[in-house]
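1. Got a predicted structure plus its sequence, pasted below:
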Amino acid sequence: MDLMCCEADTNPRAYEDPVLIKDKRVLKNLLDTEDRYVPHISYFTCVQTDIRPSMRKMVSQWMSEVCEEQQCEEEVFPLAMNYLDRYLCVKDTHRTSLQLLGSACMFLASKLKETYPLTAEKLVIYTDNSIGLQSLMDMELQVLYHLKWDLSAVTPHDFLDQLLSRLIPDKEKSTIIKRHAQAFIALCATDCKFMMYPPSMIAAGSVGAAVHGLFSASEPQDLKFLEKLVQITGIEVDCLRYCQEQIEQCFANNLSTVQEAPETPTKSDPLNGQPTTPTDVRDINLYDQPGVCC
């Protein structure tokens, strides 16, 4: 007779601590330290000699697909992109190493946020074996060295519970808004124009966009909601409104692109049928051939 334990959780998560969520000091500390983890320069013009914004978008979309396929926690992908951007701010990197860098950043972010992190072997498979285990480990050490082992970065996800607990007392409604805001945050992480926005602004703009899209509020109600966000975060209302509009526009553009573009097949792992590296990301490794330009 098999014994079953119904209390076991395959992916245990810590319960929300109402003391931490309601404590103003936690929010203040997040606001005081967030600038420390924002990329301080546009590295495409100041540091990188080979990587272009389109390449970052390719690898970020691939990273998002991997995290989604592996059902990673929502914090993993934005945190991995934070590592990638901060690394590229200080280290000139060749385009053929960009996917390797993205893999190492996901590896580190999942270790920090996941109960059961991504394995190195699985990440190698997702690159269609274009990288090796040792090269992944070596890149992981490079990222740690250049980030000075400072991995507990403040991301927009850190602000969501802080904002929603002060704005939406209804738990069920708050959960729905949070889920949509998380999708907006992930979308912002793939677009380089949001790269230098403070995490609090992206979080507040995502919450505002989620509320606007879900409940179709009138303009006075939208302004009132924005003013509440401004009171909590200290962001100027015009800046916050502009950020929200940028997020909504980014979502609309992405949606139209998905609807218009033909479905692009991805290569599958013959062992389990799971998608590995998308073709456009694999092609990053081919750009360095003679006669091929970006």
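-> All right, it came through fine.
2. For the stretch 151-294 of the chain, which segments count as helices?
-> For the stretch 151-294 of the chain, helices defined by DSSP state H, counting those that start in this stretch occupy the ranges 157-167, 171-190, 199-215, 219-233, 237-260, 279-282.
3. which residues touch residue 196?
-> By Cβ atoms under 8 Å, 6 or more residues apart in numbering, the contact list for residue 196 reads 38-40, 42. C-beta: built from backbone N, CA, C; applies to glycine.
4. what about the stretch 1-150 of the chain, any weak spots by pLDDT?
-> 1-14 (pLDDT under 70).
5. which residues in it form helices?
-> Taking DSSP H, counting those that start in this stretch, the helices of the stretch 1-150 of the chain run over residues 18-22, 24-33, 43-46, 53-69, 76-88, 98-113, 120-126, 133-146.
6. which other helices and strands contact the fourth one?
-> This points to helix 53-69. Judged by 3 or more Cβ pairs under 8 Å, 6 or more residues apart in numbering; DSSP states H and E, the packing partners of helix 53-69 are helix 76-88, helix 98-113, helix 171-190, helix 279-282.
7. any chance of the ones you listed in a markdown table, with distance to residue 241 and mean neighbour count too?
-> What follows is these, written out as a markdown table (distance: least, Cβ to Cβ, whole Å; neighbours: other Cβ atoms under 10 Å):
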| stretch | distance to residue 241 | mean neighbour count |
| --- | --- | --- |
| helix 76-88 | 22 | 25 |
| helix 98-113 | 31 | 24 |
| helix 171-190 | 15 | 18 |
| helix 279-282 | 34 | 18 |
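8. Please convert these to CSV, extending it with distance to residue 155.
-> Shown next, in CSV, are the helices and strands packed on helix 53-69 (distance: least, Cβ to Cβ, whole Å):
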stretch, distance to residue 155
helix 76-88, 5
helix 98-113, 10
helix 171-190, 8
helix 279-282, 23
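9. Now do the same contact list for the spatially most central residue of the chain.
-> Geometric centre of the chain, nearest residue: residue 78, 1.9 Å, by Cα atoms, centre = their mean. With contact set as Cβ under 8 Å, 6+ apart, residue 78 has these partners: 155-157, 185-186, 189.
10. Identify whichever of the helices of the stretch 1-150 of the chain lies nearest to residue 164.
-> helix 18-22 (8.9 Å; Cβ to Cβ).
11. related to what we said a few turns ago, which one of the helices and strands packed on helix 53-69 lies closest to residue 244?
-> Comparing these by Cβ to Cβ, helix 171-190 comes nearest, at 9.4 Å.
12. Output the closest one as PDB, nothing but the C-alphas.
-> The C-alpha coordinates for helix 171-190 follow below in PDB (Å, rounded to 0.1, in the frame of the first residue of the first chain):
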ATOM      1  CA  LYS A 171      -7.200  40.300  -2.000                       C
ATOM      2  CA  GLU A 172      -8.800  38.600  -5.000                       C
ATOM      3  CA  LYS A 173      -8.700  41.800  -7.100                       C
ATOM      4  CA  SER A 174      -5.100  42.400  -5.900                       C
ATOM      5  CA  THR A 175      -4.000  39.000  -7.100                       C
ATOM      6  CA  ILE A 176      -5.500  39.500 -10.600                       C
ATOM      7  CA  ILE A 177      -3.800  42.900 -10.900                       C
ATOM      8  CA  LYS A 178      -0.500  41.500  -9.700                       C
ATOM      9  CA  ARG A 179      -0.600  38.700 -12.300                       C
ATOM     10  CA  HIS A 180      -1.100  41.200 -15.100                       C
ATOM     11  CA  ALA A 181       1.500  43.600 -13.700                       C
ATOM     12  CA  GLN A 182       4.000  40.700 -13.600                       C
ATOM     13  CA  ALA A 183       3.400  40.200 -17.300                       C
ATOM     14  CA  PHE A 184       4.000  43.900 -18.000                       C
ATOM     15  CA  ILE A 185       7.300  43.800 -16.000                       C
ATOM     16  CA  ALA A 186       8.500  40.800 -18.000                       C
ATOM     17  CA  LEU A 187       7.700  42.600 -21.200                       C
ATOM     18  CA  CYS A 188       9.600  45.700 -20.000                       C
ATOM     19  CA  ALA A 189      12.600  43.500 -19.300                       C
ATOM     20  CA  THR A 190      12.800  42.600 -23.000                       C
END
